[in-house]
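Visitor: I would like to see how this sequence folds:
(3 chains)
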Amino acid sequence: MTAETGLALELRGVSKRFGALAALSDIELRVRPGERRAVLGSNGAGKTTLFNCITGDFPPSSGAIRFFGEDVTSFPAQERIRRGLRRTYQISLLFTGLSVLDNVYLACRGVSRGRFSFRRPRASDALMQTAEELVTTVHLQEVRNTRVSDLSYGQQRQLEIAMALSGAPRFILFDEPAAGLSPTERRELIAILTGLPGHVGYIIIEHDMDVALRVSERVTMMHNGRIFKEGKPAEIEDDPEVQALYLGGAAHG
Amino acid sequence: MAVLDAFDPARARDRNWIERVPPAYWVLGLLLLVMPAFAGDFVLYQIMGWTFLLGMIALSLMFLAGYGGMVSLAQMSFAGLAGYLVAIFGDSAITAISQGWPWWITIPLSLALTVLAATGVGWLAVRTEGIYTIMITLAIAAAFFYFTRQNYDLFNGFQGFNTILPPHLFGVDWRAPVPFYYLALFWAVAAYAAVLYLSRAPFGLALQGVRDNPRRMAALGYNVTAHRVAAYAFAGLIAGIGGILLTWQSSQISPGTIGIGPAIDVLVVAVIGGLRHPIGAFLGAFIFVLLKTFAVDVLISLGLSGERFQLLIGLCFLAIVFFSPDGLLGLWDRLRERGLRDPLTGRAKDDR
Amino acid sequence: MRAFANRHPVWSAILVVIAAIVLWLIFAIWPKGLSDAIGSKKIFLNALFNGVTLGGLYFLVASGFTLIFGLMRNVNMAHGTLYLLGGYIGFYTADSTGYWLLAFPVAFVIVGLLGVLLQYVVFRRMEGQDLRQTLVTIGISIVVADLMLWGFGGNFFNISPPSWLSGPVRTFLVTGAKSSGELVYLTYPMVRIVIFAAAVLVGLAMWLALNRTRIGMLIRAGVDDRDMLSATGARIQLVFAGVFAFGAGLAGIAGVVGGSFQSVAPGEDTRFLLASLVVVIVGGMGSIPGAALGALLIGLAEQFGSVYFPTYAVVLTFIIMVVVLAFRPQGLMGRA
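Guide: Here you go, the predicted structure:
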């Protein structure tokens, strides 16, 4: 098997079956480092399953996944995290009893050494500093000491992003970060995404065509567990097939 | 009560530690320090002493339940085990069993074995989740209780041990009311500070992360099981210290100390106080001890038999879990929140 | 069963060997050396019978507990209280009317109704809040235990079964042979045998009802997937209340049985709550066959333990629990 060099993420013939149901069939995907990619498709197109395969939450039934040239197909989720892969979740999986800062701190510490420590971090602690910076990056500095359960929904989504940014990520998977956000919060989200450092690539799953096209350089269209189109945002937007399928299949989007 | 809200760890992080201690702590601390000057022996030894010790055992449960999300009913068993071990290795009236070793071997050895036992129980209990933990730890507590009652070789069966006395260190009789008060106070404050410190250390934060979302913690690279088991070990240490002091206080240990009733009492204490903050354990213990000491008089004055103590405590417990799942601390929080709201608009008066 | 044998050949072989040894111990006339080593066959058979019948009693209590937990994820720590209440109700019914049999339906109905009350007042208001349910039911058990102590006093009561049941019966099992060659048969209290048979019947009926009837299917579907149950449009609250009533009623009946076997007294509530907990931990939460297996194991362990190693009887039960937890945390018959 020849691996194309210089790719951040490479999926070859990835399939995932749940019993008789083929959630993903024969997915081929190549993303360059630093590239911003959007994955569009109606509900049940297999987008979240695709993420689960990439992160290792559910390994694929067949096919291979390479992350920066390394075959990670059989790696557990935390090994992939250690190599710089991050994701956000559609449903909130935050630590609701802790403060915003503590959530980010835990995420930072998870990928560092010495996770098991009984010593309190000082305010000058490097990880604590990083966590503070990340909280500022996602515009949550005002509420950094608030318990997550007291945050608004939009703030929780922003926090998800901060956690995904922790510990020098090289590539991030965003699972519908704009879902349920107000127009203001969406603008904020777009600002956060476009403001990410240039070397951090990502894939974003998004129902909102508007958001997706503004934060991505390339777009991949999925339907029924297959990829059926890939191109620049403008090409996709004007594609009649996409329009028929997407606008027809995602009335709620 | 102002102690409860005074400590906001996140807000206090930027200041140095002297400034960080809120004023209410100074007041309470001073009050507790000078208490022997005006309080009688009964109050010092029975009420306050017992409050501190019971509070420590409840604190060990609060640590597990509040930060780790694991409600263990075996905490009284760990306390009792430590007490038994001190009696077995050290001195008691049962000379046939007690080894009579010096205190500097007996106490560390007893605590070490207790921590070991707590680690083992933790390892078993964390194999299951949530509600199962309660059942398993209750079953373990019951097994230990019946075992001590049946076993005469090691635990001296139904009788247990008596005349277990603290060592005469620095020429002080530590069972005299005032020294014992300070001894109990010292360890209670130490345990309280340790729990508070750990709750903000990476270990404590990770434990709370595990409580909120074990799967994500695992995905982040944390060892969920290790954190949970370590929490049991630490809680076992606190319960063990409390247990040794409790054994000295009553100078005896027997199966009655560690039965199902006492095991549940610890849960009652922790829940009445509130599992959200370590102070809840001592608050609950104080109320429990007051009830236990004075309920008989109250009941008799109400025309009921003094035996109905269990009924009273049970009803209190029921009322609290029914109306305020966060215990008295939760009640306090809610009252304060209401106080901060403008009565007309219902909005917060100030943006704190 | 064949699937199990294929998957775990070693375990199956071990189980077959154990079964063979036990059968031999039961039916053979023991050689003298064996009796000298571990005591007479009569002691062994008595322990076996006591263990099995005690297991029947544990099953009656624990099956209600496990059914309620399996369907509703409700942990009813007041289950032991329902048991003891059933015992007192049974005692007063039998005592005042003179009809032992009448104690069963009365205890079943009254305790069942209390179960419905519990479901409506406590569990429905706190759906999904495991810890709160546990705490509230612990509180209820503390309060009711004291109320019962107040009302019924601290005495031991014994529910005496009618004369046609109370005598011993001669079984077909041989305990030994006299020197004359005449065989000695084991005698055993009739009432225990009858009650054990009744427990088996109840268990079978429950199993059949769960597996063969529509409502049973509904309940099992609910155990597997609670969302599905509400999706079927079944009147879910009615099913819940019904299951709660039945589970509580079983605890009530078990109380009468326990009162006839042993005694009704304060403290029995905790004892049977613990027994139920251990049985379902060993057998697997929410599984009726698991409750049967767990009850049998624990009953036997207690009886054999108290006969052959009296000081460590409790430890035997505990060891069973620890071994199960260590190797199969979900219980013997529980789902992974």
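Visitor: helix/strand/coil for C:Leu297?
Guide: C:Leu297 falls in the helix class when you classify it by DSSP: H, G, I helix; E, B strand; the rest coil.
Visitor: let's see the pLDDT reported for it.
Guide: Looking at C:Leu297, its pLDDT reads 91.
Visitor: output the below-cut-off pLDDT ranges for the stretch 51-200 of chain C.
Guide: Within the stretch 51-200 of chain C, the stretches with pLDDT under 70 are C:175-179, C:181.
Visitor: can you pull out the strands in it?
Guide: Ranges of strands in the stretch 51-200 of chain C, per DSSP state E, counting those that start in this stretch, are C:168-177, C:183-189.
Visitor: flag every buried residue along the shortest one.
Guide: For strand C:183-189, burial by neighbour count (16 or more other Cβ atoms under 10 Å in any protein chain shown) applies to C:Leu186, C:Tyr188, C:Pro189. From N, CA and C alone the C-beta is placed, and that goes for glycine too.
Visitor: swap in stretch C:267-279?
Guide: Of the residues in stretch C:267-279, those scored as buried under the neighbour-count criterion (16+ other Cβ under 10 Å) are C:Glu268, C:Asp269, C:Thr270, C:Arg271, C:Phe272, C:Leu273, C:Leu274, C:Ala275, C:Ser276, C:Leu277, C:Val278, C:Val279.
Visitor: any idea which of the residues you listed is closest to chain A?
Guide: Using Cβ to the nearest Cβ, C:Leu277 is the member of the buried residues of stretch C:267-279 that sits closest to chain A, with 28.2 Å.
Visitor: so what's that closest one up against?
Guide: Contacts for C:Leu277 (Cβ atoms under 8 Å, 6 or more residues apart in numbering or on different chains) come out as B:Met135, B:Leu138, B:Ala139, C:Phe65.
Visitor: from memory B:Leu61 sits against B:Ala235, does it?
Guide: Yes: counting by Cβ atoms under 8 Å, B:Leu61 sits close enough to B:Ala235 to count as a contact (7.2 Å).
Visitor: rewinding a little: among the contacts of C:Leu277, the buried ones, what's the PyMOL command?
Guide: Here is the PyMOL command that picks out the buried ones among the contacts of C:Leu277, judged by 16+ other Cβ under 10 Å:
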select buried, (chain B and resi 135+138+139) or (chain C and resi 65)
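Visitor: let's have the contacts of C:Leu277 in CSV, adding distance to B:Pro177 and secondary structure.
Guide: Supplementary listing: these in CSV, determined by distance: Cβ to Cβ, whole Å; DSSP: H, G, I helix; E, B strand; the rest coil:
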residue, distance to B:Pro177, secondary structure
B:Met135, 40, helix
B:Leu138, 35, helix
B:Ala139, 38, helix
C:Phe65, 47, helix
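Visitor: just to revisit the earlier point, of all the buried residues of stretch C:267-279, which comes closest to B:Val126?
Guide: Nearest to B:Val126 among the buried residues of stretch C:267-279: C:Leu277, at 17.5 Å, using Cβ to Cβ.
Visitor: ok so, going back, redo the contacts of C:Leu277 as JSON lines? Include distance to chain A.
Guide: Written out in JSON lines, the entries for the contacts of C:Leu277 read as follows (distance: Cβ to the nearest Cβ, whole Å):
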{"residue": "B:Met135", "distance to chain A": "24"}
{"residue": "B:Leu138", "distance to chain A": "25"}
{"residue": "B:Ala139", "distance to chain A": "28"}
{"residue": "C:Phe65", "distance to chain A": "31"}
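Visitor: now flag whichever of the contacts of C:Leu277 is closest to B:Ala39.
Guide: Nearest to B:Ala39 out of these is B:Leu138 (Cβ to Cβ; 36.7 Å).
Visitor: now do the SS call for B:Thr148.
Guide: Three-state secondary structure (criterion: three-state DSSP) places B:Thr148 in helix.
Visitor: picking up where we left off before, out of the buried residues of stretch C:267-279, which are inside helices?
Guide: C:Glu268, C:Asp269, C:Thr270, C:Arg271, C:Phe272, C:Leu273, C:Leu274, C:Ala275, C:Ser276, C:Leu277, C:Val278, C:Val279 (DSSP state H).
Visitor: so is stretch B:85-101 next to chain C?
Guide: No: between stretch B:85-101 and chain C, judged by Cβ under 8 Å from any Cβ of the partner chain, nothing touches; the nearest distance is 14.6 Å.
Visitor: show residues contacting that stretch.
Guide: Taking Cβ under 8 Å, 6+ apart as the rule, stretch B:85-101 contacts B:103, B:105-107, B:109-110, B:113-114, B:153-154, B:156, B:159-165, B:244, B:247, B:253.
Visitor: ends of that stretch, what's the gap?
Guide: Start and end residues of stretch B:85-101 are separated by 11 Å (Cα to Cα, to the nearest Å).
Visitor: mean confidence score for it?
Guide: The average pLDDT within stretch B:85-101 is 80.
Visitor: before we move on, the earlier item: got the buried residues of strand C:183-189 as TSV, with distance to chain B columns?
Guide: Compiled in TSV, the buried residues of strand C:183-189 are given as follows (distance: Cβ to the nearest Cβ, whole Å):
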residue	distance to chain B
C:Leu186	28
C:Tyr188	27
C:Pro189	26
